[in-house]
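Visitor: fold the following, please.
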Amino acid sequence: MERRPNILWLCTDQQRYDTIRALGNDHLHTPNLDAMVERGVSFPRAYCQSPVCTPSRASFMTGRYPRTTRCRQNGQAMPPDEVLVSKMFADAGYRCGLAGKLHLAACQGMVETRIDDGYHDFFWSHHPQPDWPENAYTQWLTEKGVRWEDLYDQGERTNYVCEGMPAEHHQTTWCAEKTIEFLQANAGSPWFFNFNCFAPHHPFDPPKEYLDRYKERHDIDALPLPKQRAGELDHKPVFQQLDARFAHNNPDSYDVAAMSDRDKREVIASYYAMCEHIDFEVGRILEALRASGQWENTIVVFMSDHGEMLGDHGLLLKGPHFYEEAVRVPLVMQWPGQFEPGLQPEAMVELTDLAPTFLEAAGLDIPERVQGRSLLPILTGEAEPDQHRDAVFSEYYNAWSHRGDAYGTMLRTAEAKIVVYHGSEPGELYDLVQDPDEFENLWSDPDSAELKTRLMKQCFDASVFTMDPVPPRLGDF
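Guide: Below is the predicted model of the structure:
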């Protein structure tokens, strides 16, 4: 019997789909991810199932939808009867580990609680700030004789960006080092490992050397401004109008309305610098994987939990928003000799599809409770690369900001998108053929009534068909 493949799952936090140079962004230097795109399969139309952390992570860690996992909000805990894909692999004899963020439970003023998640090696650091002694990243800094408080933000600060930890002592670097230690220590037996760095999540605080390097290569004033059309928010949901004033509808957060063009470009440059640091650490991990002799037998996946608005449509960060920038994420997968090199399928895929893909690739059974659809036939060239789903589905149920009134479901087809905000008006409707940037909301357009009705039914159908498939029916009555 052939040895089962290792799974190296590289997950960043709040990274947009358009942050890899090989996939079209000339304003970034990402040689290691570019090489991954060349060696593997990249899905340019991959979508998360919620535009905020916890419900998205609960979804792709189980292969189930937020409404099904019941873990629908940041600050909510994963129910203990849910089964993570890491637990499935641990039960199958894999050594499982994680470095960085998990965020399947509340982390505000408390250490994240865990269900039986299957991790044998658990190096937890929800975020870099030294809030708790249990933060393994803080422990690593202590071992090196340094303190986060002494090294962070020693340079110039503006209202929007600041200098972060030096790369040598950065949390992304620590995540990479723990990943390398794990794969080296477990060569020879099957393993499953999650690299979960906090970057490029806000605050916009890249290592100084990466920001300086970025500014040396780019004229910041020549960076394209975020895409926005004057007056567009007048016909968009109130949640966007509020967040266009302060991010997360919070006066203590970023003053979005006050941002100058220079401020916007500085934020973009800082965000790109964080992405370039991630790329470097991915390169270190992949180099160590090759040197360990496990290259040919390891599936490597690079993705993010959700996107970042980055000023587009007058919005910053995230919230109850379903623009492409918020719900579309990078997804690149490689397995030398097994996955088609250089393939870029146009198929629409969901992050729910990752868990069943891993299970099928490892020759493990896919439990009935898993709702995603395996991508393995596309990855191996056995299936049509441009057809997987007729539509993708995403949800936001009072998940983060605008507490108490923001409940939305999104359905996106190849040609159009609808967002239904339950209990409030208006929703959103976009013709993505004529308006790919989602400027013109057709929700109240009488000429689009037929499209609205058809997509609303599809969205309602999706909300029904994503009900929990378990427990199974045991008889006719």
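Visitor: just checking: what are the partner strands of the helix or strand hosting residue 333?
Guide: Element membership for residue 333 (DSSP states H and E) is strand 331-334. Using DSSP bridges, the strands paired with strand 331-334 in its sheet are strand 41-42 (antiparallel), strand 298-304 (antiparallel).
Visitor: all strands for the protein, in order.
Guide: 6-12, 41-42, 46-47, 95-100, 121-124, 191-196, 298-304, 328-329, 331-334, 349-350, 392-397, 407-412, 416-421, 428-431 (DSSP state E).
Visitor: what packs against the fourth one?
Guide: Judged by 3 or more C-beta pairs under 8 Å, 6 or more residues apart in numbering; DSSP states H and E, strand 95-100 is in contact with helix 85-91, strand 121-124, helix 171-185, strand 191-196. (Each C-beta comes from the backbone N, C-alpha and C, glycine too.)
Visitor: switch the cut-off to 10 Å
Guide: In terms of contacts (3 or more C-beta pairs under 10 Å, 6 or more residues apart in numbering; DSSP states H and E), strand 95-100 is packed against strand 6-12, helix 85-91, strand 121-124, helix 136-143, helix 171-185, strand 191-196.
Visitor: now do the helices in the stretch 201-350 of the chain.
Guide: 208-217, 238-243, 261-291, 324-327 (DSSP state H, counting those that start in this stretch).
Visitor: okay, the ones you listed, which one's buried deepest?
Guide: helix 324-327 (a mean of 25; mean count of other C-beta atoms under 10 Å).
Visitor: ok so, going back, out of the strands paired with strand 331-334, which gets nearest to residue 95?
Guide: Proximity to residue 95 (C-beta to C-beta) singles out strand 298-304 among the strands paired with strand 331-334, at 13.1 Å.
Visitor: list the buried residues of stretch 253-263.
Guide: Using 16 or more other C-beta atoms under 10 Å as the test for burial, stretch 253-263 gives 254, 256, 259, 263.
Visitor: if I look at the last one, how far off is residue 220?
Guide: Summarising the geometry, the distance separating residue 263 from residue 220, computed by C-beta to C-beta, to the nearest Å, is 11 Å.
Visitor: can you check the second one too?
Guide: Counting by C-beta to C-beta, the gap from residue 256 to residue 220 is 19 Å.
Visitor: for the third one, same thing?
Guide: From residue 259 across to residue 220, the span is 14 Å (C-beta to C-beta).
Visitor: kindly report the same for residue 52.
Guide: 29 Å.
Visitor: what about those two, which has more around it?
Guide: Taking other C-beta atoms under 10 Å, residue 52 and residue 220 do not tie; residue 52 has more neighbours (26 against 13).
Visitor: next up, the contacts around that one.
Guide: 14, 66, 72-74, 103, 305-306, 317-321, 326, 396, 399-401 (C-beta atoms under 10 Å, 6 or more residues apart in numbering).
Visitor: redo that, cut-off 8 Å
Guide: Shown in contact with residue 52 (C-beta atoms under 8 Å, 6 or more residues apart in numbering): 74, 306, 318-319, 396, 399-400.
Visitor: which of those residues are buried?
Guide: 74, 306, 318-319, 396, 399-400.
Visitor: render the CA-only coordinates of stretch 418-435 in PDB, please.
Guide: The C-alpha coordinates for stretch 418-435 follow below in PDB (Å, rounded to 0.1, in the frame of the first residue of the first chain):
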ATOM      1  CA  ILE A 418     -27.700  38.400  -4.800                       C
ATOM      2  CA  VAL A 419     -27.400  39.300  -1.100                       C
ATOM      3  CA  VAL A 420     -30.600  39.000   1.000                       C
ATOM      4  CA  TYR A 421     -30.500  40.900   4.300                       C
ATOM      5  CA  HIS A 422     -33.100  39.300   6.500                       C
ATOM      6  CA  GLY A 423     -35.400  41.600   8.300                       C
ATOM      7  CA  SER A 424     -34.100  44.700   6.500                       C
ATOM      8  CA  GLU A 425     -34.000  46.500   3.200                       C
ATOM      9  CA  PRO A 426     -32.500  46.800   0.700                       C
ATOM     10  CA  GLY A 427     -30.600  43.800  -0.400                       C
ATOM     11  CA  GLU A 428     -28.000  43.700  -3.200                       C
ATOM     12  CA  LEU A 429     -28.300  42.400  -6.800                       C
ATOM     13  CA  TYR A 430     -25.500  42.600  -9.300                       C
ATOM     14  CA  ASP A 431     -25.200  41.700 -12.900                       C
ATOM     15  CA  LEU A 432     -21.500  40.500 -12.900                       C
ATOM     16  CA  VAL A 433     -21.300  40.400 -16.600                       C
ATOM     17  CA  GLN A 434     -22.100  44.000 -17.100                       C
ATOM     18  CA  ASP A 435     -20.900  45.200 -13.700                       C
END
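Visitor: shift numbering so it begins at 46
Guide: Renumbered: residue one is now 46, and that last one reads stretch 463-480.
Visitor: quick one: average pLDDT of that stretch?
Guide: The pLDDT scores in stretch 463-480 average 96.
Visitor: cool, stretch 106-115 as well?
Guide: Mean predicted lDDT for stretch 106-115 stands at 97.
Visitor: start to end distance for it?
Guide: End-to-end distance of stretch 106-115: 13 Å, with C-alpha to C-alpha, to the nearest Å as the criterion.
Visitor: so residue 471 sits against residue 488, correct?
Guide: Yes. Residue 471 lies in contact with residue 488 (C-beta atoms under 8 Å); the separation is 4.6 Å.
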